[in-house]
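Asks: I'd like to go over a predicted model; first the sequence, then the structure.
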Amino acid sequence: MPRKSPADRRQYVMQMPPVPEPDQRGIEAFLDAIWAENGLAQATLASYRRDLEGFARWRNLRDGGLEKADRETLFRYLAWRAEQGYSPRSTARLLSSLRAYYAWCVRQGTRGDDPTALLEPPRLPRSLPKAITESQVDALLAAPDTDNPLGLRDRAMLELMYACGLRVSELVDLPATAVNLRQGVLRVTGKGSKERLVPLGEEARHWLERYLGEARPQLAGKRALPALFLDPKGQAPSRQQFWQLVKRYAGVAGIDPARISPHGLRHSFATHLLNHGADLRSLQMLLGHSSLSTTQIYTLVAREQLKQLHAKHHPRG
């Protein structure tokens with residue numbers, strides 16, 4: 001059977017029945033519980049909700065309930081998703097959501113077994129983070145027109161993201177109180193509401209000082225606004241708006257917009273630090289990774305870049 005396109009899948013999902021009320025109550029109770037236990041980010045909770053509601057709709061179409069699903073039902077659902085053309089990465093995330101939900105059901109005593117116990121996640125291709133070169137970073141950071149308030153704001157945002165290795169959500173959500181220019185550090189709230197202190201660096205500190213002294217007062221007016229970075233309406237830019245900014249400035253800098261994203265600046269920060277001798281433990285702390293294994297993938301990026309450099313410049317490369 002040929003795989004359906006994303007548009008076909010969306011149309012099919014729209015035709016599915018709604019989430020049954022008992023399932024909806026169970027999903028809400030589960031999300032409340034794991035938020036209280038683990039302090040998960042809203043984006044993670046939203047992913048769990050989408051995955052569980054999708055399975056509940058599929059079950060409702062077949063006259064079944066979410067809580068009572070057995071292993072055979074889960075196998076059928078995974079087979080259906082494969083027919084619909086869902087990616088292995090999406091299915092792996094779904095299994096993570098289902099495991100968390102049914103483990104909670106077992107702890108609650110609403111069922112005695114976990115139907116996900118013997119389900120194996122699909123094998124995912126190892127994808128290396130995309131980083132741009134240091135000269136490309138320089139060109140990107142120099143792209144905004146800093147003679148106007150928004151251009152100065154954009155320069156400060158780009159400098160801060162690259163200097164501190166921030167996630168885009170961390171950047172746009174920064175409160176003005178997160179910056180300590182005197183000490184030259186930034187207080188970042190990352191995944192799971194975990195806080196970390198990250199040094200600013202001289203360049204980022206310089207552009208932040210200019211933004212705070214020249215541009216932000218013009219954007220804020222007489223309003224006392226909590227967000228560090230503001231748009232003309234006094235609100236923090238969204239992740240999507242910053243994504244568009246990065247793409248636009250990439251074009252100005254002569255960088256293929258398809259090769260760069262906001263997260264690419266975070267990857268570049270990590271890769272360039274490793275190339276200049278940073279150790280993994282320090283990099284783990286700067287990035288806010290809970291596991292060192294997550295940080296180790298950047299060693300593969302640095303190694304691959306060194307191989308390319310050798311092949312290009314060594315006489316016997």
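Replies: Yep, that arrived.
Asks: for the stretch 51-200 of the chain, what spans make up the helices?
Replies: Using DSSP state H, counting those that start in this stretch, the helices assigned to the stretch 51-200 of the chain run over residues 71-84, 88-108, 134-141, 149-164, 168-172.
Asks: Make a markdown table from these and add distance to G190 and mean pLDDT to it.
Replies: Every residue, glycine included, has its C-beta placed from N, CA and C. Converted to a markdown table, the helices of the stretch 51-200 of the chain look like this (distance: least, C-beta to C-beta, whole Å; pLDDT from 0 to 100):
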| stretch | distance to G190 | mean pLDDT |
| --- | --- | --- |
| helix 71-84 | 31 | 86 |
| helix 88-108 | 19 | 90 |
| helix 134-141 | 22 | 93 |
| helix 149-164 | 11 | 94 |
| helix 168-172 | 6 | 91 |
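Asks: which of the ones you listed is buried the deepest?
Replies: The highest mean neighbour count among the helices of the stretch 51-200 of the chain belongs to helix 149-164 (a mean of 23), with neighbours defined as mean count of other C-beta atoms under 10 Å.
Asks: angle of it against helix 134-141?
Replies: Relative orientation of helix 149-164 versus helix 134-141 (axes from the mean of the first three to the mean of the last three C-alpha atoms, to 10 degrees): 150 degrees.
Asks: Send over helix 149-164 as PDB, restricted to the C-alpha atoms.
Replies: Taking only C-alpha atoms (Å, rounded to 0.1, in the frame of the first residue of the first chain), the coordinates of helix 149-164 have been written out as PDB:
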ATOM      1  CA  PRO A 149      16.000  49.600  17.300                       C
ATOM      2  CA  LEU A 150      14.700  46.300  15.800                       C
ATOM      3  CA  GLY A 151      18.000  45.700  14.000                       C
ATOM      4  CA  LEU A 152      19.900  46.300  17.300                       C
ATOM      5  CA  ARG A 153      17.600  43.900  19.100                       C
ATOM      6  CA  ASP A 154      18.100  41.300  16.500                       C
ATOM      7  CA  ARG A 155      21.900  41.600  16.700                       C
ATOM      8  CA  ALA A 156      21.800  41.200  20.500                       C
ATOM      9  CA  MET A 157      19.500  38.200  20.200                       C
ATOM     10  CA  LEU A 158      21.800  36.500  17.600                       C
ATOM     11  CA  GLU A 159      24.900  37.300  19.600                       C
ATOM     12  CA  LEU A 160      23.400  36.000  22.800                       C
ATOM     13  CA  MET A 161      22.100  32.800  21.200                       C
ATOM     14  CA  TYR A 162      25.500  32.000  19.800                       C
ATOM     15  CA  ALA A 163      27.500  33.100  22.800                       C
ATOM     16  CA  CYS A 164      25.500  31.100  25.300                       C
END
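Asks: tell me which strands and helices that helix is in contact with?
Replies: Counting contacts by 3 or more C-beta pairs under 8 Å, 6 or more residues apart in numbering; DSSP states H and E, helix 149-164 packs against helix 134-141, helix 168-172, strand 185-189, helix 202-210, helix 216-220, helix 239-252, helix 262-275.
Asks: try 10 Å
Replies: In terms of contacts (3 or more C-beta pairs under 10 Å, 6 or more residues apart in numbering; DSSP states H and E), helix 149-164 is packed against helix 134-141, helix 168-172, strand 185-189, strand 195-199, helix 202-210, helix 216-220, helix 239-252, helix 262-275.
Asks: Could you find the closest non-adjacent residue to Y162?
Replies: If you skip the residues right next to it in sequence, Y162 has L265 as its closest partner in space, 4.9 Å away by C-beta to C-beta, 6 or more residues apart in numbering.
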